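Q: Need a 3D model of the following:
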Amino acid sequence: QVQLVESGGGLVQAGDSLRLSCVASGRTFSGCAMGWFRQAPGKEREFVASITWNGAITYYADSVKGRSTISRDNANNTVSLQMNNLTPEDTAVYYCAARPSYFSVRYSRVTDFPSWGQGTQVTVSS
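A: Residues are numbered from 1 along each chain as shown. Now for the predicted structure:
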C-alpha cells in the first residue's frame with residue numbers, strides 16, 4: 001500500500017487556475033500508475049486524469065481535457081494536477097489514487113486503484 005496526501009484545494013473564482021498536489025509514501029511511488037478523481041455532493045466519484053508509472057502517457061476525462069495537465073515527479077514522490085479555466089461544475093472533493101503497475105494502460109475506474117488519499121476540497125464560485 002502507498003499512503004497519499006493531497007493538498008492545493010481551496011475557494012477560487014470561475015476562470016481561475018488551481019494546482020493540486022499529492023505526496024506519496026510507503027510503497028515505491030515510481031512503480032505506480034497515478035490518478036486523480038473527484039466527487040461532487042450527491043454524485044459518484046468520477047475519473048479526472050491518470051498517468052503511467054513513468055509519466056510517458058496521460059489520460060483525461062472529456063470534461064477536463066484541454067484545460068488540465070497531470071504530471072509526476074518520481075524523484076520527489078509527487079503527482080500534480082494543474083487545472084485551468086475552472087467552472088462551478090469543477091466543484092468537488094479531489095482525490096489522488098495509486099495503483100502498482102508498469103503497464104501503459106488507461107486506468108480510469110475507481111476500482112482500478114487500491115490506494116486513496118483523504119481528498120482536498122475545490123470550490124469554484126461563479
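Q: For the rest of this, base every contact and every neighbour count on C-alpha atoms.
A: OK.
Q: I'd like to know how many residues surround the closest residue to E89 other than its chain neighbours.
A: In space, and not counting its chain neighbours, E89 is closest to V124: 7.7 Å by CA to CA, 6 or more residues apart in numbering. V124 has 20 neighbours, counted by other CA atoms under 10 Å.
Q: Just confirm T111 is within a strand.
A: No: counting by DSSP: H, G, I helix; E, B strand; the rest coil, T111 falls outside a strand, being helix.
Q: returning to what we had before: if I pick the residue nearest to E89, what's in contact with it?
A: Contact analysis of V124 by CA atoms under 8 Å, 6 or more residues apart in numbering lists L11, V12, Q13, A14, L86, T87, P88, E89, D90, T91.
Q: For the residues you listed, pick the one with the most neighbours.
A: L86 (23 neighbours).
Q: Surely it and L11 touch.
A: No: using CA atoms under 8 Å, L86 is not in contact with L11, being 10.9 Å away.
Q: From the structure, what's the count of residues near V23?
A: Using other CA under 10 Å: V23 sits among 18 other residues.
Q: what bridges to the closest residue to it other than its chain neighbours?
A: Spatial nearest neighbour of V23, chain neighbours left out: T78 (4.6 Å); criterion: CA to CA, 6+ apart. Assessed by DSSP bridges, T78 has beta-bridge partners V23, D73.
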